[in-house]
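Novice: sequence and predicted model, in that order:
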Amino acid sequence: MSYFRAENLSLHFGGLKAVDSVSFAVEKGEILSIIGPNGAGKSSIFNLISRIYPPTSGKIFFEDQDITEQPAYEIAGLGIARTFQNIELFENATMLSNLLVGRHRHSSTQLWQELLFLPSVRAGEKLHRRRVEQVIEFLDLEAYRDKLISGLPYGVRKVIELARALCSEPKLILLDEPSSGLNVEETGDMSFWIRDMKTELGITVLMVEHDMTLVNRVSDRVIALNYGRVLAMGSPSEVQRHPDVVAAYLGA
Amino acid sequence: MRFMFKTDYEDDITLFPHSGYIVTYGVLLAFLLIAPFVLSSYIVSQLVFVFIYATVGVGLMILTGFTGQASLGHAAFLAIGAYSAAYLQQFNVPFPVYFLVGGLLTGVVGAMVGFPALRLQGIYLVIATISFAFIVEEILARWESVTHGNEGMRVKALQLLGTTVSRDSPSFYYLCLAVLFLTIIGTLNLLRSPTGRAFVAIRDSETAARSMGVNVSLYKVKSFAISAAITGFAGVLFAHKLSFISPEMFTLQLSIEFIIVILIGGAFSPHGAVLGAIFIVMIDPFLTYLKDDLPVIIAGIAATFGADSITAGKIHGNVAAIASANGLKGAIYGVIIVLFVLFEPLGLYGRWLKIKLFFQLFPLYKRATFKRQKIYVKSERNR
C-alpha cells in the first residue's frame, strides 16, 4: 500500500470539472511534483487534500487511513502541513507567533491552565520555542524573529510560510508553488531546502510548481495535469517528452 | 535607546521584558492603591467607572481585537451579569457566589451567541449581535417576574466577609481594581499561550489557521464565551456601583461606548482598553463643562471684541442651545470614531508608542515605521 493515495478524486463546480477522477500515489520519502498549465486543477487537488473543499467523489488515504471525511483542522493533526500559493500568513503578528501557531497541533494545555500560566504551560511554551528555533536555523530566518509579517518582503514571507508548515513537524508537506514570486537566487535556495527536507528531516513532499528548473532539480517523479485529468506520470524527463504534455503546453 | 540582549527563551515569554516595566507599573499600582486616600471622592468614583469600563474593554478586545469578531452586543452581556447579581441577591446568595454565577452564566450565553455567529462575518456579525442585544433588552423589559420590567431593580450594597461594602467606599474601589488587574493578567497569559495565538490566527487568516490544525469554530465560540464572561463579571460590579438597574441603561449606545473604548484606546493591547475607558468616562464631565461654561466664555470673548450686551446675550443663548442640544453626545461619539479611524487607527496607545519611539530614536525616527503596508491582496477564493 502506498503512503499517500488519491483514488478517482473529482471536484465539480456545476458543469466545470476542476478535478476529474484523478488517481495517484505518493511513496514515503519521495518528492512528487504536479505540473500543468493554468487552471489544470493543481491547486484544487491541494485544497481537496487539506479539506478546504469536499470532493465531489473519490477518496483520499494517508497511512492507510481514509481521510476523505476528516474535518479540515484535523488534517494538520495527522501530519499533513501545507503552504499556499498566495501566502496566507497572519499579517499583523510577528514571525515568531506565526511559527508558534504552526506548533498548535502539539499543544495540549487547557484554557484554565493558560489563564493562570501554570508551569506546565510555561514548559510547553519553551519546548515549542526550542522547536521553532530549530526551524528558524534550518531556513536562515534569524533576522526576522520579532518583525511583523506586514513589513516583510515577499520572498521572506514565502520562506516563513514554509517555516510555519515545518514547525508542525509534518510527515507529508504540500507546497503550492514554492518558487512563485522568487528571484533566481531565492529559487536556488528553495530547491536546496526542499531536498534537505527530504534527506535531513525525512519529510515526504508533494508540490505544485511551474518553474521547470526547480522541478527537474528536486523531483523524483512528476505528474502532468490538464483540464483536471492526468496526462502523464513518471520521471521529470519522461513527462516533459510526453507528447500529450508538449501538446498541452504548446497547443499543438 | 535600550538594547535588549536575550539569552533565554524566558526573555520572550516574560510579561516584563526589562526592569523599567517593573518600575513603571509598580509606581502606577502604588499610586492606584493610595488613590482613595489622597484623591477627592468624586475622582475616586470616576476611577471605579474607569475600572469597570476597562474590564469590559479588555473582554471586548479579546473578541474584536484579537479574534477579529466584531460585536455590538456587549451591553447585553453586561446586563445579564448585572441582572443575575440583582436577582440572586434577593435570595441572600453571598457575593462571591453570585459574582461567579453572573460571570459564568454570561459566558454560557456568550457561547450560545457564538454558535450562530460561526456562519457570519464582518457587518453581518455586527447586525446579529445588535439583534441579540435588542432581544435581551426586550426580555429584561417584559420578563417582569424576574426583572421587574421597566421599573428596574434595586441592588443592595454588597456583603463581603461579614462587612457591608458601600458603593463609594475604598473597599469597593479595591474590589474593582482587583477584578481589572486579574482580567488583564489573565488576558496577557492567554495571549502568550496557544489559545491566544489561535485567536490571532483566526483574525488574520481562517484558512491558514485551519490548515495549521486550529479548530476555528471551537476557538471562535471560546472567544465569545471568554469575552462575555469578563463582561458579565464587570456587569455584577456595574450593578453594585449604580445600585439601581433598569433595561434602558443597557442600550445600543452603551455597546457603542464599549466599541469606542477599544477603538480609541487601541484594540491591540490592554493598555488601550484602560486609556479608552478613561476617555469615555471623561466625556460626561466634559459635556457638562460645555453646557455650563462654554456659553459664558464665548460671550465674554465676543464682548472683549466690542460686541454690545444684546449681541453678546444672543451669542450666549445660541452657544448654550448648541451645547445642551439633545443627542450631542451621540454626535460627538460619531465624529470621534470617524476621526480616529481615519487618522489614528492604532488609537491612543498607538499614539503613545509612536511618541515613545520618537524620543528613543531621536533624530532618526521615520514616520513610515508604523505604516502598515498591504502589498499583496490575499486570495479570497478559499473562503
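Specialist: On my side now, so go ahead. Residues are numbered from 1 along each chain as shown, chains lettered A, B, ... in the order given.
Novice: sec struct for A:Ile194, please.
Specialist: Assigned by DSSP: H, G, I helix; E, B strand; the rest coil, the conformation of A:Ile194 is helix.
Novice: and the residue of the stretch 101-250 of chain B that's closest to chain A?
Specialist: Using C-beta to the nearest C-beta, the closest approach of the stretch 101-250 of chain B to chain A is made by B:Gly213 at 3.2 Å. Any C-beta I mention is one placed from the backbone N, CA and C, and that applies to glycine too.
Novice: the residue nearest to that residue when sequence neighbours are not counted: what's it in contact with?
Specialist: Ranked by C-beta to C-beta, 6 or more residues apart in numbering or on different chains and with sequence neighbours excluded, the top spatial neighbour of B:Gly213 is A:Ala76, at 3.2 Å. Listed by C-beta atoms under 8 Å, 6 or more residues apart in numbering or on different chains, the contact set of A:Ala76 reads A:His104, A:Arg105, A:Ser168, A:Pro170, B:Ser211, B:Met212, B:Gly213.
Novice: how far away is A:Ala76 from A:Leu11?
Specialist: Distance from A:Ala76 to A:Leu11, counting by C-beta to C-beta, to the nearest Å: 21 Å.
Novice: is it fair to say the residue of the stretch 101-250 of chain B closest to chain A lies in a strand?
Specialist: No - with three-state DSSP as the criterion, B:Gly213 is located in coil rather than a strand.
Novice: surely it touches A:Arg103?
Specialist: No - taking contact to mean C-beta atoms under 8 Å, the distance of 9.3 Å between B:Gly213 and A:Arg103 leaves them out of contact.
Novice: between those two, which contacts overlap?
Specialist: When contacts are counted by C-beta under 8 Å, 6+ apart, the set common to B:Gly213 and A:Arg103 consists of A:Ser168.
Novice: before we move on, back to that, for the residue of the stretch 101-250 of chain B closest to chain A, phi and psi?
Specialist: Dihedral pair for B:Gly213: phi 100, psi 10, per degrees, to the nearest 10.
Novice: and it, how many residues sit next to it?
Specialist: 24 (other C-beta atoms under 10 Å in any protein chain shown).
Novice: what do you get for B:Thr195?
Specialist: Burial of B:Thr195, expressed as a neighbour count using other C-beta under 10 Å, amounts to 24.
Novice: likewise A:Gln70?
Specialist: When neighbours are counted by other C-beta under 10 Å, A:Gln70 comes out with 16.
Novice: so who does it touch?
Specialist: A:Arg51, A:Leu78.
Novice: tell me how far it lies from chain B.
Specialist: Using C-beta to the nearest C-beta, to the nearest Å, one obtains 11 Å as the distance from A:Gln70 to chain B.
Novice: how about that residue, secondary structure?
Specialist: Taken by three-state DSSP, the conformation at A:Gln70 corresponds to coil.
Novice: now it: phi and psi?
Specialist: A:Gln70 adopts backbone torsions of phi -70, psi 140, taken as degrees, to the nearest 10.
Novice: could you do B:His148 as well?
Specialist: Summarising the backbone geometry of B:His148 under the convention degrees, to the nearest 10, its torsions are phi 60, psi 20.
Novice: show the model's pLDDT score for it.
Specialist: Per-residue confidence at B:His148 stands at 84 (pLDDT).
Novice: now do A:Val222
Specialist: Confidence per residue is given as pLDDT, and for A:Val222 that number is 93.
Novice: what's the pLDDT at the residue of chain A found nearest chain B?
Specialist: Proximity to chain B, evaluated over chain A using C-beta to the nearest C-beta, is greatest for A:Ala76 at 3.2 Å. Listed pLDDT for A:Ala76 reads 90.
Novice: and if you look at the one 3 residues further on?
Specialist: With respect to pLDDT, A:Gly79 scores 91.
Novice: can you tell me the average pLDDT over the strand or helix carrying B:Ile315?
Specialist: For B:Ile315, the enclosing helix or strand under DSSP states H and E is helix B:309-323. Averaging the model's pLDDT scores along helix B:309-323 yields 80.
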